[in-house]
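[1] model this:
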Amino acid sequence: MLDLDISADIQAVRSTFADIKAVVDVDALTAEIARLSEEAGAPDLWDDTEKAQKVTSALSHRQSELARVTAIERRLDDLDVLVELALEMDDEDSAVEARKELAELTEVVNQLEVQTLLDGEYDDRSAVVTIRSGAGGDDATDFAEMLMRMYLRWAERHKYPVKVMDTSYAEGAGIKSATFEIDAPYAYGTLSVEAGTHRLARISPFGSADKRQTSFAAVEVIPVMEEAVEVEVPEGDIRVDVFRSSGPGGQSVNTTDSAVRITHLPTGIVVSMQNEKSQIQNRAAAMRVLQTRLLILQREQEAAKKKELAGTITASWGDQMRSYFLYGQQLVKDLRTGYEVGNPASVFDGDLDGLIAAGIRWRKRPEED
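    Model (predicted):
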């Protein structure tokens, strides 16, 4: 007789999913998609390119959100059929498939449950991530590049589009800094818990002696704003420098000076862009990021919450939020949540969902207590 007593587990997943659907409000989401679809179908939509991009991006995000919910519902229904078939036919292969599908659905629903905790003002936006090397010389610049690859692999695992906006290569190994955009619903709310100082401890591959080296890198995450008109930036408050894009070792990769660096003189905020083909496009992209950072700074000052969104990150001792140990006991530990992973290689290959989920739950806990 086949042993397939998983009905209680399936019911638990269904119960959690029902709560999620109530929070998502599928009816309201469907109505929003219908409205955006009507706008997207207007004959004159692309007369205003900026507005068209906002509409089509919003429509794509809402459709992705609805598709994720409906796919889970369909898989739960299919799982019921698979269990019934396995029991009727006394088929062990079907039972194995049912257990596997239950495990996968449990993980997917748990991830979606975490997403329902993302109810901040900008949480549903795409994200711009900036990584900067800190103390630690070549090890720090190498670590910064490892972190960049980690987040790009995480995005790839989730099939999220990524656009690298700027990369400043170090003279030796790795990168001094990098900025990239992850275009996905709730990318900002999800990745915002990654903001802070990351610490790496390992036997340095760059030194002659086999000594342990500690290095640091800072991660900043800001939302992609649909528009940044709330913040006016007078021309007199910025300095614009134009330079030639470069690759590893300072090698020129463009034949024209199309890269742009904007310095906001009152705050010292610096934004560089070199991904676009023209200087005009790079300047426009840099201004959008600058306006977003200024808007965040303004909101922080108004709310007296210095680190609410982007924050000030020192990338050195005393401010680290996560440690990566690549010597002795292989371990990645989040110092805020206590969440640990005993396989750093998998984390650096983009397996971040457990760490991120723990961070989101940790961040919401004080509000609920």
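[2] quick check: mean pLDDT of the longest helix seen in the chain?
    Ranked by residue count under DSSP state H, the longest helix found in the chain is helix 49-89. Helix 49-89 shows a mean pLDDT of 90.
[3] what is the mean pLDDT for whichever helix or strand comes after it?
    Where DSSP states H and E defines the elements, the next helix or strand beyond helix 49-89 is helix 92-115. For helix 92-115, the mean per-residue pLDDT is 91.
[4] buried ones in helix 92-115, by neighbour count?
    The neighbour-count check on helix 92-115 (16 or more other C-beta atoms under 10 Å) flags 94-95, 97-99, 101-102, 105, 108-109, 111-115 as buried. All C-beta atoms are positioned from the backbone trio N, CA, C, and that covers glycine.
[5] which of those lies closest to residue 194?
    residue 114 (13.9 Å; C-beta to C-beta).
[6] so where's this structure uncertain?
    1-2, 208-209, 226-230, 245-256, 302-319, 366-369 (pLDDT under 70).
[7] wait, what's in contact with residue 283?
    240, 260, 262, 273 (C-beta atoms under 8 Å, 6 or more residues apart in numbering).
[8] ok but it is inside a strand, no?
    No. Read with DSSP: H, G, I helix; E, B strand; the rest coil, residue 283 is helix and lies in no strand.
[9] next, the angle helix 92-115 makes with the longest helix of the chain.
    Per axes from the mean of the first three to the mean of the last three C-alpha atoms, to 10 degrees, the angle that helix 49-89 makes with helix 92-115 is 150 degrees.
[10] just checking, what packs against helix 49-89?
    helix 7-24, helix 26-40, helix 92-115 (3 or more C-beta pairs under 8 Å, 6 or more residues apart in numbering; DSSP states H and E).
[11] okay, buried residues for the first one please.
    Right, helix 7-24. So helix 7-24, judged by 16+ other C-beta under 10 Å, has buried residues 10, 13, 16, 17, 20, 21, 24.
[12] wait, the third one touches residue 111, no?
    No. Counting by C-beta atoms under 8 Å, no contact exists between residue 16 and residue 111, whose distance comes to 11.2 Å.
[13] ok, back up a step: give the ChimeraX command for selecting the buried subset of the contacts of residue 283.
    Entered in ChimeraX, the line below selects the buried ones among these, by 16+ other C-beta under 10 Å:
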select :260,262,273
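[14] nearest to residue 179, of the contacts of residue 283?
    Nearest to residue 179 among the contacts of residue 283, with distances taken as C-beta to C-beta, is residue 273, at 7.8 Å.
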